[in-house]
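# Sequence and predicted structure, then a few things I'm wondering about:
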Amino acid sequence: MSIHESARIGQDVELGEYVVVEEGVVIGNQVTIGHHCVIKAGTQIGDRTVIGDLTILGKKPGANRKMARKPAKDLPALFIEADVRIGSQVTVYAGSVIGSGVLIADHASIREQIVIGQDTILGRNVMVEPNTIIGSETTIQTSSYITADTVIEDQVFIGPCCSMSNDKYMASGKGHHRGPRIRRGARIGNNASLLPIEIGSQAVVGAGAVVTKDVVPGATVVGNPARQR
Amino acid sequence: MSIHESARIGQDVELGEYVVVEEGVVIGNQVTIGHHCVIKAGTQIGDRTVIGDLTILGKKPGANRKMARKPAKDLPALFIEADVRIGSQVTVYAGSVIGSGVLIADHASIREQIVIGQDTILGRNVMVEPNTIIGSETTIQTSSYITADTVIEDQVFIGPCCSMSNDKYMASGKGHHRGPRIRRGARIGNNASLLPIEIGSQAVVGAGAVVTKDVVPGATVVGNPARQR
Amino acid sequence: MSIHESARIGQDVELGEYVVVEEGVVIGNQVTIGHHCVIKAGTQIGDRTVIGDLTILGKKPGANRKMARKPAKDLPALFIEADVRIGSQVTVYAGSVIGSGVLIADHASIREQIVIGQDTILGRNVMVEPNTIIGSETTIQTSSYITADTVIEDQVFIGPCCSMSNDKYMASGKGHHRGPRIRRGARIGNNASLLPIEIGSQAVVGAGAVVTKDVVPGATVVGNPARQR
């Protein structure tokens, strides 16, 4: 293990082999951290949280010289509340807040400036882009992609392999970026594609649908382009 | 290296740097294990198997308090037969059986209670959910998603980025979960979406098709929704 | 750290904890390499390049006995030019060339015999298959899949979760493998599926489109199958 001398580690904490804990990290009581994890500078981890193996918490974003949208600087630390479960081979960035009871499964990657409400489930290999809000008791299944600047409310269900865009002009330089709005209780089928539209409360989007327009609350849409059924 | 004293390691085994081998692991002869791998308690690895770097074998499933379907407890150990090749950055769970000659490529993740037949290929970033059977000499290409409770027979070809659902009511609480049945020799094009239906033997599903009904043996279907051509 | 005595390491290089550097590696000046990285034999890394944590550079391909297309043998080393930024949990193979200023984001996997032009961005979880050319100043967004034998020219934009095929007969044994040709300045929407066709210069493919025929320069296509709009 390599534990920086400034790190504060609670009682009854289990640390795996070859763990790296950088400066200023704060780890609560009864936390479990798997083998080969990297806890980056300043990260805060709440009580009873469980982290798998080979996971990185608190990464800072980078950029290359071509990137149009530079990542935020001077981000606050990653803040993980109590009773969170994070899988193996995960990357979570600095500047995000992970609510109590959240599950983030293996191979997922969560960028900066994201807030995730309590008891929400993010499946394996889910990718979440920056500046996004995800509510409580929401489920996002395996391999789905949440674009930047998205709002997903409470008790939403997003099936596996869904995709979203926050730029209907596709990098043409027109318009600003805005992700989909997915309202409370909406359900999205597997491999659906969402443009920067709104999915109303309790609406249902069929598997494989390509949603190019707003969906009114309670409606069901299917097809490419998606139409009300 | 950190090798538990109860682990049994065969002859001519190569272990990389910083490998962690937990209690009760059994490793056959002429096995190669890459750097930073984690071999969890009880895992059994057959002769001549090759494991890449930064891979986890024998992980036990977890859950949060919201998850409707709790993972199985008291799983048997992960059992990997001889001559298997597993890539780098892979996670394979306890309670699964990986047949002789199987290839599991980098960044893939294989859950518990899965049986994979011999000489099958799972591409990079493939995600397989629990309680699923995959036959022999089947190919599942890069980034495809296999849902829970699925049956895939022998000599099936699944192209890249395919998606499946095991719940046609999308978490509404109606009905039970059942994944697709994909019969012998069927071929599925890239980015197809399958609902919980049956794809008959030797049938062909076109790229991007959204398959909402059973496909009879030998038929070809394309489109959204998929129709026979 | 485990640094092979034959490795040549430049000035002002930062190496993280538990890094493994194999034989014959050459690392330039002012390079940063994160914790738990594995730099495989012979890899060459240019000046000022930054590598995240838990990343593998220079992996050699493997195969199982069933695989129809065996990977190339006797590959040259991985060559990474100056000022490249590679994320965390990434795998890049031997026999590829990564141009100056390229960004490869977390969880991506880049196979062998690939050339990537300068200042190109590959998003998180992007998978690139062997024998592919990607131009300069091109962007490939999160979770997109680039098949083998593909040519992507300069200043192309590929949205998230796109998919490609290089085999229109799907492993039937007919025909040879050839990936899509995507010409300069083309733009592809999220979750589009491309068969082995050509997308003309400055053409636009809508989100979720399934492109089964060539697209002429400057045209816009949408739908399944994609038709000109």
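Received it, and whenever you're ready, just let me know what you need.
# tell me the contacts of the residue nearest to A:Val216 when sequence neighbours are not counted?
Among residues not flanking A:Val216 along the chain, A:Gly200 sits closest, at 5.0 Å (CB to CB, 6 or more residues apart in numbering or on different chains). (C-beta placed from N, C-alpha, C; glycine too.) By CB atoms under 8 Å, 6 or more residues apart in numbering or on different chains, the residues touching A:Gly200 are A:183, A:186, A:214-219.
# Quick check: closest non-adjacent residue to A:Ala148.
A:Glu129 (3.7 Å).
# A:Met67 too?
Leaving out its chain neighbours, the residue that sits closest to A:Met67 by CB to CB, 6+ apart is C:Ile121, at 6.3 Å.
# Below-threshold pLDDT in chain A: ranges please.
Across chain A, the ranges flagged by pLDDT under 70 are A:171, A:173-175.
# Closest residue of it to chain B?
Closest residue of chain A to chain B, CB to the nearest CB: A:Gly208 (3.3 Å).
# Any idea what the closest residue in space to that residue that isn't next to it in sequence is bridged to?
Spatially, and ignoring its direct neighbours in sequence, A:Gly208 is nearest to B:Val210 (3.3 Å; CB to CB, 6+ apart). Per DSSP bridges, the residues bridged to B:Val210 are B:Ser193.
# Burial check on B:Val210, number of neighbours?
Neighbours of B:Val210 under the rule other CB atoms under 10 Å in any protein chain shown: 31.
# Pull the contacting residues for it.
B:Val210 sits next to A:191, A:206-208, A:224, B:192-193, B:223-226, C:224 when contact means CB under 8 Å, 6+ apart.
# what would those residues look like in a markdown table with neighbour count and distance to C:Val26?
Shown next, in a markdown table, are the contacts of B:Val210 (neighbours: other CB atoms under 10 Å in any protein chain shown; distance: CB to CB, whole Å):
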| residue | neighbour count | distance to C:Val26 |
| --- | --- | --- |
| A:Asn191 | 31 | 43 |
| A:Gly206 | 25 | 53 |
| A:Ala207 | 27 | 49 |
| A:Gly208 | 34 | 48 |
| A:Asn224 | 27 | 50 |
| B:Ala192 | 30 | 44 |
| B:Ser193 | 31 | 46 |
| B:Gly223 | 19 | 52 |
| B:Asn224 | 27 | 51 |
| B:Pro225 | 19 | 55 |
| B:Ala226 | 26 | 52 |
| C:Asn224 | 27 | 48 |
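# quick check, nearest of those to A:Ser88?
A:Ser88 has its nearest neighbour among the contacts of B:Val210 in A:Asn191, at 25.1 Å by CB to CB.
# residues from chain A in reach of chain C?
A:2, A:18, A:20, A:36, A:38, A:54, A:56, A:59, A:62-67, A:89, A:91, A:107, A:109, A:125, A:127, A:129, A:143, A:145, A:147, A:161, A:163-165, A:170-172, A:191, A:193, A:195, A:210, A:212, A:224-225 (CB under 8 Å from any CB of the partner chain).
# wait, isn't A:Asp106 in contact with A:Ser88?
Yes - counting by CB atoms under 8 Å, A:Ser88 is a contact partner of A:Asp106 at 4.7 Å.
# Which neighbours do these two have in common?
Listed contacts common to A:Asp106 and A:Ser88 are A:52, B:59, B:91; contacts here mean CB under 8 Å, 6+ apart.
# Let me see the contact set for the closest residue in space to the second one that isn't next to it in sequence.
By that I understand B:Lys59. When the adjacent residues along the chain are set aside, B:Lys59 lies closest to B:Tyr93, with 5.0 Å between them (CB to CB, 6+ apart). Counting by CB under 8 Å, 6+ apart, B:Tyr93 makes contact with B:58-61, B:75, B:78, B:110-112, B:114, B:130.
# ditto for A:Ala186
A:153, A:156-157, A:199-205, A:215.
# where's it relative to A:Leu194, distance?
Separation of A:Ala186 from A:Leu194 (CB to CB, to the nearest Å) stands at 10 Å.
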